[in-house]
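S.K.: Based on what follows, work out the 3D shape:
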Amino acid sequence: MLKIKPLTKEQILISIDRLTRFKNPETKYLRVFKDVITNNLISPKFKKTDLDIMNYSELTNYAQEIINFSLHNLGLPADDSGIINQKLYDYENAIFNLDDNTKNLLKNRINYKACLNLIDDSAPFNLKWLKRLYTADNLAVDRQKTGLKYPLEKIIISEGITEEILLPEFAKIYGYDFDKNGVYIISAGGKNQVVKLFYKLANELKIPIFVLMDNDAQENYKEIVPRLRKFDRVYLLQCGEFEDALPLELIKRTLSNSLKNISLLELEPLNQNTRMVKILEEIFKHRGMHEFKKSEFAQMVKENLRDTDDISSEIAGIIKELKKIKSNSKVIVDN
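M.R.: Predicted coordinates:
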């Protein structure tokens, strides 16, 4: 007989959040299940090395017993329908390449319906989407209505944080809402990291990947092209890097609104034929401010976006190419 230390409400929410994020299913399920067993199973007691060699079905059984006991301890009703469990299994199997062992992790009987009682309006998208799973007939239609991003249908890999912050905002103004169309963007942190991440995700995923790279990443571009699947795309910026694709008037407005008392004279360097990041670094340095940071400047630009006039032809081209990609995998799970 198991002796269990119940998870708190907060611990259950953390576990369910981790299980429903966009991440390799084997990685996230093993992490959550092992953490739950290590911290909340009093008897029998297993060492980490025991869990590392335990078969996935046994791990699943222990973890679901602990989670369901914890939900019962909170006074939440039992549910044997397995509706949400099946929908989560179908969804993960539709977007990831799963082996039989990983499928055993997904074929669990966690009482997700009881978990829904713990999710409020402040929850992240994946948990709000989990609440919709129980009743939604058509998940893609429901996503268009709620803008909850899931089920995911396309992945974007970008080099930097500027694209991650601003591209969804430009796309929304352009009439292509990422959250309503299941588009998930990841900044890799550099052109070499883009290649590594693409190789990894192309091996794991069944859904399309759109790779966005700076103009100086042409050698990396050549590494990616031979590995593209028929539904993947790679886009090499023509202008340089993403900051160079921002309209000049948008940058001027951002600086004028965000930096107090900036003069026209100080904005004059923006007209030079120099990389925009270099110009911005000089402006920030000249004003005695802290070091120019791309993420902070991207947030400043985001706050100053107005309408389609703020979208350059190159940014519009990126969005058009992204829209053309059709998901090749059934990620819509019907009741």
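
S.K.: drop to CA atoms for contacts and neighbour counts, all remaining ones
M.R.: Noted.

S.K.: Nearest the geometric middle of this structure, what residue?
M.R.: residue 184 (4.8 Å; CA atoms, centre = their mean).

S.K.: Helix, strand, or coil at that residue?
M.R.: At residue 184 the chain is in strand, as set by DSSP: H, G, I helix; E, B strand; the rest coil.

S.K.: can you list the domain ranges for the chain.
M.R.: If you go by automatic domain parsing, the domain ranges for the chain are 3-135, 147-241+313-324, 243-306.

S.K.: do you know which of the ones you listed lies nearest residue 141?
M.R.: Taking CA to CA, domain 147-241+313-324 is the member of the domains of the chain nearest to residue 141, at 9.0 Å.

S.K.: From start to finish, how long is that closest one in a straight line?
M.R.: With CA to CA, to the nearest Å applied, domain 147-241+313-324 spans 20 Å between its terminal residues.

S.K.: Can we start the residue count at 11 from this point?
M.R.: Right, with 11 as the first residue, what we last looked at is domain 157-251+323-334.

S.K.: Off-centre distance for it?
M.R.: With CA atoms, centre = their mean, to the nearest Å as the basis, domain 157-251+323-334 stands 12 Å off its chain's centre.

S.K.: cool, and stretch 44-63?
M.R.: 30 Å.

S.K.: ditto for stretch 134-142
M.R.: 14 Å.

S.K.: Give me the packing partners of the top helix by length along the chain, helices and strands only.
M.R.: What stands out as the longest helix in the chain, according to DSSP state H, is helix 66-83. Other elements packing on helix 66-83 under the criterion 3 or more CA pairs under 8 Å, 6 or more residues apart in numbering; DSSP states H and E are helix 35-50, helix 110-116.

S.K.: Show me the one of those helices that comes nearest residue 255.
M.R.: Closest among the helices and strands packed on helix 66-83, using CA to CA: helix 35-50, at 35.9 Å.

S.K.: partner strands of the next helix or strand after that closest one, parallel or antiparallel?
M.R.: Next in sequence after helix 35-50, counting helices and strands by DSSP states H and E, comes strand 51-53. Strand pairing for strand 51-53, using DSSP bridges, gives strand 13-14 (antiparallel).

S.K.: Could you list the low-pLDDT ranges of the protein?
M.R.: Applying pLDDT under 70 to the chain flags residues 271-278, 297-299, 338-345.

S.K.: can you tell me which residues contact residue 135?
M.R.: 158, 159, 160 (CA atoms under 8 Å, 6 or more residues apart in numbering).
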